[in-house]
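Student: Quick one, what's the 3D model for this:
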Amino acid sequence: MNDLNNKGLKRAGWALHIFTASGVIFAMIALQAVFDGRIRDGLLWLLLCQVIDGIDGPIARRIDVEIHVLKIDGNVLDLVVDYVTCVIVPVAFLATTNLLPNNFEAVLITLILMTSALWFARCDQETDDFWFNGFPASWNLVIPSFILLNTSQTQVLIFTIGFALLSLTNFKVPHLTKVKHLRSVTLPLAIIYLFSLTYLSWNYGENLSSQPQMLAQAVLIAFPIYLLVISTIRTLNERKK
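Tutor: Next up, the predicted model:
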């Protein structure tokens, strides 16, 4: 019975790794959409990558995938996929949607790629209680927000430099599903944020001026502010120790 159970878990582990790796395929579809000028489609495919990234981790921990599939390092696989979905594809959005000042495009794109690569290589990415050290290169959320909020080039310039440099610091940012502190607040807000991002992406290009659109845009601003507040408090408390 144990052998059958182990074989089942092994197959489940391989299936989960394939599921995680599929994020690269959907990222490439999003990238092609961007190159074709189909921004709405690209945003939606990028959101699908975000959903995959959000659910594969909890499943992996539940079935102890690292025990049953020894040939694949799930952490390395996750980092590889994340660099494509969270950095490479969003940067393509940034480069093709006229969000950057002309004289700074190459510099800012280089800054994002370099600092993100360094962050993904950090040995201290997370604290013992699952707070990220530095901005966790979540450009797949930041750059779509720039697009959906019609952010000015100057604002994009400032925020991009700020987030990129923040990734090299020890500023604490919560892992949205792992951090227990305020999880009963953070997780529902994160879900509302994701629904708002989906709603605005689905309706991208539509001439909407409705209350739901304004509410969704407000969520895209309010949730990052909430994260900034709790992250700042955690960082300051850490320094007092």
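Student: Could you look up the next helix or strand downstream of the helix or strand hosting Gly8?
Tutor: Element membership for Gly8 (DSSP states H and E) is helix 2-35. In the C-terminal direction, the helix or strand that comes right after helix 2-35 (DSSP H and E) is helix 39-62.
Student: Show me which residues of that following helix are buried.
Tutor: Under the neighbour-count criterion of 16 or more other Cβ atoms under 10 Å, helix 39-62 has 39, 41-50, 52-53, 56-57, 60 buried. Heads up, the C-betas are built off the backbone N, CA and C, glycines and all.
Student: and if you look at stretch 26-37?
Tutor: Using 16+ other Cβ under 10 Å as the test for burial, stretch 26-37 gives Phe26, Ala27, Ile29, Ala30, Leu31, Ala33, Val34.
Student: what angle sits between the helix holding Gly8 and helix 39-62?
Tutor: 160 degrees (axes from the mean of the first three to the mean of the last three Cα atoms, to 10 degrees).
Student: Domain boundaries for the chain, per the record?
Tutor: Following automatic domain parsing, the chain resolves into domains at 1-85, 98-241.
Student: May I see these organised as a markdown table, with mean pLDDT added?
Tutor: Output for the domains of the chain, formatted as a markdown table (pLDDT from 0 to 100):
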| stretch | mean pLDDT |
| --- | --- |
| domain 1-85 | 82 |
| domain 98-241 | 93 |
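Student: Go through those domains and name the closest to Ala92.
Tutor: With Cβ to Cβ, the closest approach to Ala92 among the domains of the chain belongs to domain 1-85: 4.9 Å.
Student: Who's the closest spatial neighbour of the residue most central in space within the chain, skipping the chain neighbours?
Tutor: The centre of the chain sits closest to Ser138, judged by Cα atoms, centre = their mean, with a distance of 3.8 Å. Distances taken as Cβ to Cβ, 6 or more residues apart in numbering place Cys86 nearest to Ser138, at 6.0 Å, with adjacent residues excluded.
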